[in-house]
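Student: compute the structure for the input listed below.
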Amino acid sequence: MQAETPPFRVRYAETDAQAVAYYASYFVWWEVGDIHLLESAGILLPDLDRQGLLFSAVESYGRFIRPAVYDDLVSVRVRLAQAAPKRVLFETALLRVGDGATLATGKMAYVLVGPGGKALPIPEHFAAMADERVERIVVSDKADLLLGPNPPGVREHTQDIKVRYAETDSQGVAYYGSYYAWFEAGRNELTRSVGLPYSTLERQGIYLPVSEAFCRHYSPLRASETFRMATSVPVLGRARMTFVNRIASCGRDVPIPRNNSAHSSADGQRQIAAGYTVHACTGRDGRPRGLAPEIVERFAPKPPEGA
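Tutor: Model prediction:
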């Protein structure tokens, strides 16, 4: 099943310092598209809410192809691509109305959560709307590798953040799009900790726009809850770098769990979410360029002591 939203304008508030759409804005647009498709099929989320049912995002992904800019007229094309026993996958594309260009593509995986907070089987009438039935939905084929244990010597920065009320949704939990803003905060602090804040790089004509973004959710956060986020750079390419973010509940002064288990660790920490962003390296003209030697030097894994 496929649908397309009515055209809408990119708002000034949805753009960043580079005058292009902020990457987290796309995930809000994906949700708009998903809701539009459901409504086209006669499924209204407020009706589900009144039944104590909730479609909850468990994984989200975006690939950014061309920049959307302020006042662009765009639309979201969305299809219900796959249905698994307890999960559905929406695939989306942001289209520029004037020339039909695809600016970005995305994927959103949802589970249906019941009153007890457990994932329920996807109803048959809903699963029948999907283009394909599968046993397992894969949103990103590189997520399991990137979100596994960091290689030895990887540069990492850890910080504590408190969830603001404005970052929660009508269910009282942190909105999934908020995580991407937190990922950015982690990148900012990590680059600053190695002596290369974004402002310094940009003065040198070096830009690191997001080309891919992914987040996997394990457990919800609520307003005023403090969490601990670790940000690292496990992968450096010739003209790309990858940041990984891991979020866990904050309590005791202990390291963040490095596995993919959704359960609490022995020290009581609860794993909240994990994700990654891939960044292209460009110049002021937007053209790709190799990573500067200074970036490679500051972010390359540290050799083991005594090596």
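Student: now the strands for the stretch 51-200 of the chain?
Tutor: 54-64, 73-84, 87-96, 102-113, 119-120, 132-133, 156-162 (DSSP state E, counting those that start in this stretch).
Student: report the distance from the first one to the chain centre.
Tutor: For strand 54-64, the gap between its own C-alpha mean and the chain's C-alpha mean amounts to 7 Å (CA atoms, centre = their mean, to the nearest Å).
Student: which intervals of the stretch 201-307 of the chain have sub-threshold pLDDT?
Tutor: For the stretch 201-307 of the chain, the stretches flagged by pLDDT under 70 are 251-268, 304-307.
Student: between the strands of the stretch 51-200 of the chain, which gets nearest to E294?
Tutor: strand 156-162 (17.8 Å; CB to CB). All C-beta atoms are positioned from the backbone trio N, CA, C, and that covers glycine.
Student: what's the closest one in contact with?
Tutor: 150, 182, 185-186, 189-190, 193, 224-232, 250, 256 (CB atoms under 8 Å, 6 or more residues apart in numbering).
Student: try it again with 7 Å
Tutor: Contact partners of strand 156-162, identified using CB atoms under 7 Å, 6 or more residues apart in numbering, comprise 182, 185-186, 189-190, 193, 224, 226-232, 250, 256.
Student: what about it, distance to the chain center?
Tutor: Strand 156-162 sits 17 Å away from the centroid of its parent chain (CA atoms, centre = their mean).
Student: what's the answer for stretch 20-34, then?
Tutor: The answer for stretch 20-34 is 11 Å, by CA atoms, centre = their mean.
Student: do stretch 101-117 as well
Tutor: Stretch 101-117 sits 11 Å away from the centroid of its parent chain (CA atoms, centre = their mean).
Student: what comes up buried for that stretch?
Tutor: Residues 103-113 are the ones in stretch 101-117 that count as buried (16 or more other CB atoms under 10 Å).
Student: what's across from the closest residue to E132 other than its chain neighbours in the sheet?
Tutor: Once flanking residues are discounted, E132 sits nearest to Q82: 5.0 Å by CB to CB, 6 or more residues apart in numbering. Note on Q82: beta-bridge partners L89, E132, judged by DSSP bridges.
Student: let me see the domain layout of the chain.
Tutor: Domain assignment for the chain by automatic domain parsing gives 1-139, 141-307.
Student: go ahead and confirm R284 touches I206.
Tutor: No. With contacts counted by CB atoms under 7 Å, R284 stays clear of I206, the gap being 8.9 Å.
Student: more neighbours, these two?
Tutor: Neighbour count, other CB atoms under 10 Å: between R284 and I206, I206 has more, with 19 against 10.
Student: against A109, how distant is T102?
Tutor: From T102 over to A109 the distance is 21 Å, taken as CB to CB, to the nearest Å.
Student: now the lengthiest helix in the chain, how far from the centre of its chain.
Tutor: With secondary structure taken from DSSP state H, the chain has its longest helix at helix 23-40. With CA atoms, centre = their mean as the basis, helix 23-40 stands 14 Å off its chain's centre.
Student: avg pLDDT for that helix?
Tutor: Helix 23-40 carries an average pLDDT of 95.
Student: who does it touch, helix- and strand-wise?
Tutor: For helix 23-40, the packing partners by 3 or more CB pairs under 7 Å, 6 or more residues apart in numbering; DSSP states H and E come out as strand 2-4, strand 54-64, strand 73-84, strand 87-96, strand 102-113, helix 178-193.
Student: columns distance to L145 and mean pLDDT on top of these, output as TSV?
Tutor: Formatted as TSV, the helices and strands packed on helix 23-40 follow (distance: least, CB to CB, whole Å; pLDDT from 0 to 100):
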stretch	distance to L145	mean pLDDT
strand 2-4	31	95
strand 54-64	15	94
strand 73-84	21	97
strand 87-96	20	97
strand 102-113	17	96
helix 178-193	18	95
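Student: quick one: which of those is nearest H217?
Tutor: Ranking the helices and strands packed on helix 23-40 by proximity to H217 (CB to CB) places strand 54-64 first, at 5.3 Å.
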